[in-house]
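Chemist: Sequence below, structure please.
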Amino acid sequence: MARACVCSDYFTVNDSGELCLKPGTMGLRQTLYYSPGVSLFKKADFPWLARVEVEVQGGGGGSAGADADAGESIARPGGSGGGYSRSLVQASALPASVTIVVGAAGAAGGTTSDGGDGGQSSFGSFAVAPGGFGGSSGMASAATPGTAQGASAPSGLTGDLSLGGGAGGSAIRINGVFAMAGHGGESFLGTGGLGRIAQGDGVVSRGYGAGAGGGLSVGGVVNGAEGGEGRVIVHLYG
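Modeler: Here you go, the predicted model:
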């Protein structure tokens, strides 16, 4: 009679005589992606779960618009990128359910209002990442040289790996015609919006969690831009 042998490193026979894979030896089995809002991760939905690796990206800061007077200019700085955290958590350390929060994008500011801050993202208390800060609307309309500081970079918070976001670029005005808006700050999962050198609205970021580039007005109304929305990614290992 033929016999089959199996590797005991990966397989076991249960009490019913069934050949089964050993928990924790199956590798990556599934990846879940969460968009802005609040969700619940339930461990019981994945009875084979051995561990999770979570990636948490905070939302990026928005940028302001502007409305310079005729013959004058306004350059807006960029919003900063949100922070990023990553943690590896054994299934035995997870509670029955974990609250997942994904930070929203920082809102676009008006012609005289700052860009909004990005929202904080988290996977319970295992990984937490802050949102980026909105770009300011502090520069007044003028035809003389001036500058505006870009949004500061948020610090990292909680995780096995915790990184702050990139600072927003500062804006500079040379005169009523020539100026440069600030670029958006980078994030681990995204690229900041462009810093304009000609009149136009603020520039949105790419990917997730980066800051928006500022608007540039040369005697006219321009709009701000939203930052990049946050993300939570959960890799499930069996």
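Chemist: Now do the residue nearest to Ala167 when sequence neighbours are not counted against Asp160, distance only.
Modeler: Among residues not flanking Ala167 along the chain, Ala153 sits closest, at 4.0 Å (Cβ to Cβ, 6 or more residues apart in numbering). In this view, the C-beta of every residue, glycine as well, is placed from N, C-alpha and C. For Ala153, the distance to Asp160 equals 21 Å [Cβ to Cβ, to the nearest Å].
Chemist: Looking at those two, which is more packed in?
Modeler: For Ala153 versus Asp160, neighbours defined as other Cβ atoms under 10 Å are more numerous around Ala153 (21 against 13).
Chemist: residues in contact with that one?
Modeler: Contact analysis of Ala153 by Cβ atoms under 8 Å, 6 or more residues apart in numbering lists 80-81, 132, 164-167, 185.
Chemist: okay, the spatially most central residue of the chain: pLDDT?
Modeler: The centre of the chain sits closest to Gly209, judged by Cα atoms, centre = their mean, with a distance of 2.3 Å. Here the pLDDT value assigned to Gly209 is 98.
Chemist: same check, this time on Gly58
Modeler: What the model reports as pLDDT for Gly58 is 98.
Chemist: Not counting residues beside it along the chain, what's closest to it?
Modeler: Gly82 (2.9 Å).
Chemist: My guess is that neighbour contacts Gly103. True?
Modeler: Yes. Gly82 is within contact range of Gly103, at 6.5 Å (criterion: Cβ atoms under 8 Å).
Chemist: Common neighbours of those two, please.
Modeler: 57-59, 118, 121, 129, 131, 209, 230.
Chemist: What's opposite Gly213 in the beta bridge?
Modeler: Applying DSSP bridges to Gly213 gives these bridge partners: Val203.
Chemist: doesn't Arg196 make contact with it?
Modeler: Yes. The criterion here is Cβ under 8 Å, and Gly213 meets it with Arg196 at 6.6 Å.
Chemist: the more surrounded of these two?
Modeler: In this view Gly213 and Arg196 are compared by other Cβ under 10 Å, and Gly213 has more residues nearby, 33 against 24.
Chemist: List the residues that contact the more buried one.
Modeler: By Cβ under 8 Å, 6+ apart, the contact set of Gly213 is 63, 78, 169, 181-184, 192-196, 202-205, 225.
Chemist: let's see it at 7 Å
Modeler: Applying Cβ atoms under 7 Å, 6 or more residues apart in numbering to Gly213 gives the contacts 63, 78, 181-184, 192-196, 202-203, 225.
Chemist: ok, now Leu157?
Modeler: Contacts for Leu157 (Cβ under 7 Å, 6+ apart) come out as 83, 85, 128-130.
Chemist: Many thanks, have a good one.
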